[in-house]
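**Student:** sequence? don't have it. structure:
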Ligand SMILES: NC(=O)C1=CN([C@@H]2O[C@H](COP(=O)(O)OP(=O)(O)OC[C@H]3O[C@@H](n4cnc5c(N)ncnc54)[C@H](OP(=O)(O)O)[C@@H]3O)[C@@H](O)[C@H]2O)[C@@H](O)CC1
Ligand SMILES: [K+]
């Protein structure tokens, strides 16, 4: 996992470095990293560097100077001025300064555009002349390497302001919110996080990576059997929504449980004919999943009370989220989407949309349980206040039933003994990674059927480390 830091976190950390190590040259370290990545993306050919007035531009100018040793480098002062010492270095190294028209014309031959206009000091959006340049870059498909972040984005949010669209972003010390949440994260391309000697501040916000999923996945050992691997009970679905039972079972089974018991109100024959390994008899379970596809079941409160009396961690999804008891069993997980979270907190949906991380954290604190806020960006908030953003996937998973399979998968992971936050991070990330590796409009149960291959591949790679 990586810590996510805001612009002000980073500024405070950088100031500390400057006060403790006067004269330290962070900019040249940043420039070295940009040059290394630029050479990988575009080993030869002319480079156009769009430069802004601040230190982000300074990074770009020193990188331009280094690249000019063996290729044509054109420098465009996109805001009219640039970092003085960096500009001197670029001039000395033979970079050619161009105006907006020449920068745009030169795109036809360019192998790479380096966006060093604005970084963490930038205000969101782009002036008209830069927006036109970005349109030209996009139209010609020239690869873009963004320095720190694609200029135009707001460092601290996922909002889709007019901005560069990078193929790769080289950022320093830690990912910022714009790299990992919302539509902004889609503009960053591949993210390379470089250590330039600025210590990563403790923010309590993290982003999960595929390697975390691989390392934390509960792989059975030589002496494992079905009860040690974990038995998950599903009280999901109903006669009105029998499909939810199948979707929950699909998610739970394909995440690798020791056993799935189906204890809900959908026709048992339906479940067993589709999933013959699912056991219909009640008995011992190590975790329960409740609520998906309940609709307005008359005995919902009794069902929840019965599950609570087992004293095992619960995944409470969908309709069970409107019945939250005062005391949830330790290790329980709530899996609302934004609308459900708004209802849980008694606020409007737009308030959740405006501050999804804050609202997920508020709910975790209020209900004393881990909260997985589902959506394009998935937040896992714990009662202690930490928030982890799950691995992001394509929007193919935005469809009815995805939440039911996800709740099933999280139930399997809780039954395996994982803490609720790990179970949520792994379940949500697994679904996203699977959708990335098997893109297309697969229904949620079909997508879940690819989980085993993806898990096996992830775990195999982890074994080799
Ligand atoms: N600190 C360090 O040690 C290190 C920092 N590093 C690098 O520095 C970057 C941060 O540098 P920074 O603080 O100079 O801010 P930066 O993003 O270059 O922009 C500020 C300038 O842009 C202007 N401006 C802003 N928005 C605008 C707009 N929409 N339209 C037009 N103008 C706009 C703004 O003008 P003002 O607001 O003052 O009017 C100001 O002149 C960071 O991202 C990283 O790349 C690395 O070298 C590692 C070491
Ligand atoms: K930039």
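**Tutor:** Looks like it arrived, so ask away. Values in this document were obtained by computation on a predicted structure and should not be read as measured data. Ligands and ions are numbered 1, 2, ... in the order given.

**Student:** list the helices and strands the helix or strand that residue 424 is a member of packs on?
**Tutor:** For residue 424, the element it lies in under DSSP states H and E is helix 420-437. Identification of packing neighbours for helix 420-437 by 3 or more Cβ pairs under 8 Å, 6 or more residues apart in numbering; DSSP states H and E yields helix 210-216, strand 333-335, strand 370-373, strand 379-381, helix 402-415, helix 444-449, helix 451-464. Placement of C-beta: from N, CA and C, glycine included.

**Student:** which one of those lies nearest to residue 91?
**Tutor:** helix 210-216 (42.5 Å; Cβ to Cβ).

**Student:** the closest one: which residues count as buried?
**Tutor:** For helix 210-216, the neighbour count (16 or more other Cβ atoms under 10 Å) marks 210, 212, 213, 214, 216 as buried.

**Student:** on that earlier part again, go through the helices and strands packed on helix 420-437 and name the closest to residue 396.
**Tutor:** That would be helix 444-449 among these, by Cβ to Cβ, at 7.8 Å.

**Student:** could you list every helix and strand that the helix or strand hosting residue 32 packs against?
**Tutor:** In the assignment (DSSP H and E), residue 32 maps to helix 26-41. When contacts are defined as 3+ Cβ pairs under 8 Å, 6+ apart, helix 26-41 packs onto helix 55-67, strand 112-116, strand 144-147, strand 168-172, strand 190-194.

**Student:** give me the mean pLDDT for the shortest one.
**Tutor:** What that stands for is strand 144-147. What strand 144-147 shows for mean pLDDT is 98.

**Student:** could you do the longest one as well?
**Tutor:** Per-residue pLDDT over helix 55-67 has a mean of 98.

**Student:** tell me which strands and helices that helix is in contact with?
**Tutor:** Here helix 55-67 touches helix 26-41, strand 47-51, strand 73-77, helix 84-92, strand 112-116, strand 144-147, going by 3+ Cβ pairs under 8 Å, 6+ apart.

**Student:** quick one: it near ligand 1?
**Tutor:** Yes: legend: contact between helix 55-67 and ligand 1 by Cβ under 6 Å from any ligand atom is shown at 55, 56, 57, 59.

**Student:** which bits of the stretch 101-250 of the chain sit near ligand 2?
**Tutor:** Within the stretch 101-250 of the chain, the residues that sit near ligand 2 (Cβ under 5 Å from the ion) are 115, 146, 147, 151.

**Student:** ok, now how distant is the first one from residue 35?
**Tutor:** Noted for residue 115: a distance of 15 Å to residue 35, by Cβ to Cβ, to the nearest Å.

**Student:** neighbour-wise, which of the two wins?
**Tutor:** Neighbours per residue, other Cβ atoms under 10 Å: of residue 115 and residue 35, the larger number sits with residue 115, 32 against 18.

**Student:** contacting residues for residue 61?
**Tutor:** 49, 51, 75, 82, 83, 86, 87, 89, 90, 95, 116 (Cβ atoms under 8 Å, 6 or more residues apart in numbering).

**Student:** now do the first one, the pLDDT please.
**Tutor:** At residue 49 the predicted local distance difference test score is 98.

**Student:** can you check the last one too?
**Tutor:** With respect to pLDDT, residue 116 scores 98.

**Student:** how far away is the closest residue to it other than its chain neighbours from residue 218?
**Tutor:** Leaving aside its chain neighbours, residue 116 sits nearest to residue 60 (2.2 Å; criterion: Cβ to Cβ, 6 or more residues apart in numbering). Computed as Cβ to Cβ, the residue 60 to residue 218 distance reads 45 Å.

**Student:** who touches the residue of the stretch 151-300 of the chain found nearest ligand 2 in this structure?
**Tutor:** Per Cβ to the ion, residue 151 is where the stretch 151-300 of the chain lies closest to ligand 2, at 4.2 Å. Residue 151 is in contact with 50, 52, 56, 115, 117, 118, 119, 122, 126, 130, 163, 164, counting by Cβ under 8 Å, 6+ apart.

**Student:** hmm, 6 Å instead?
**Tutor:** 115, 117, 118, 164 (Cβ atoms under 6 Å, 6 or more residues apart in numbering).

**Student:** so the last one is in contact with residue 115, correct?
**Tutor:** Yes: counting by Cβ atoms under 6 Å, residue 115 is a contact partner of residue 164 at 4.4 Å.

**Student:** circling back to that earlier point, in JSON lines, list the residues of helix 55-67 next to ligand 1 along with distance to residue 384 and neighbour count.
**Tutor:** Shown next, in JSON lines, are the residues of helix 55-67 next to ligand 1 (distance: Cβ to Cβ, whole Å; neighbours: other Cβ atoms under 10 Å):
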{"residue": "55", "distance to residue 384": "35", "neighbour count": "20"}
{"residue": "56", "distance to residue 384": "35", "neighbour count": "25"}
{"residue": "57", "distance to residue 384": "40", "neighbour count": "29"}
{"residue": "59", "distance to residue 384": "36", "neighbour count": "31"}
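
**Student:** which of the residues you listed sits closest to residue 155?
**Tutor:** Nearest to residue 155 among these, with distances taken as Cβ to Cβ, is residue 56, at 10.8 Å.

**Student:** distance of that closest one relative to residue 71?
**Tutor:** In this view, residue 56 and residue 71 are 22 Å apart by Cβ to Cβ.

**Student:** what is the neighbour count of residue 321?
**Tutor:** 21.

**Student:** re earlier: now the buried residues of helix 210-216 as TSV including distance to residue 347?
**Tutor:** Listed next are these as TSV, based on distance: Cβ to Cβ, whole Å:
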residue	distance to residue 347
210	34
212	31
213	32
214	37
216	32
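
**Student:** got the residues of the chain near ligand 1?
**Tutor:** Residues of the chain lying near ligand 1 (Cβ under 6 Å from any ligand atom): 14, 26-27, 30, 52-57, 59, 79, 118-123, 125, 127, 147-148, 172, 196.

**Student:** give me the buried subset of those residues.
**Tutor:** Here, 16+ other Cβ under 10 Å leaves 14, 26-27, 30, 52-57, 59, 79, 118-120, 122, 147-148, 172, 196 buried among the residues of the chain next to ligand 1.

**Student:** okay, the residue lying farthest from the centre of the chain: pLDDT?
**Tutor:** Distance from the centre of the chain peaks at residue 92, with 41.9 Å (Cα atoms, centre = their mean). Looking at residue 92, its pLDDT reads 98.

**Student:** shift numbering so it begins at 23
**Tutor:** Done: numbering now begins at 23, and the last item shifts to residue 114.

**Student:** which non-adjacent residue is nearest it?
**Tutor:** In this structure, residue 114 finds its nearest non-sequential neighbour in residue 87, 7.0 Å apart by Cβ to Cβ, 6+ apart.

**Student:** does the one you found touch residue 110 like I think?
**Tutor:** No: taking Cβ under 6 Å as the definition, residue 87 is not a contact partner of residue 110, at 9.0 Å.
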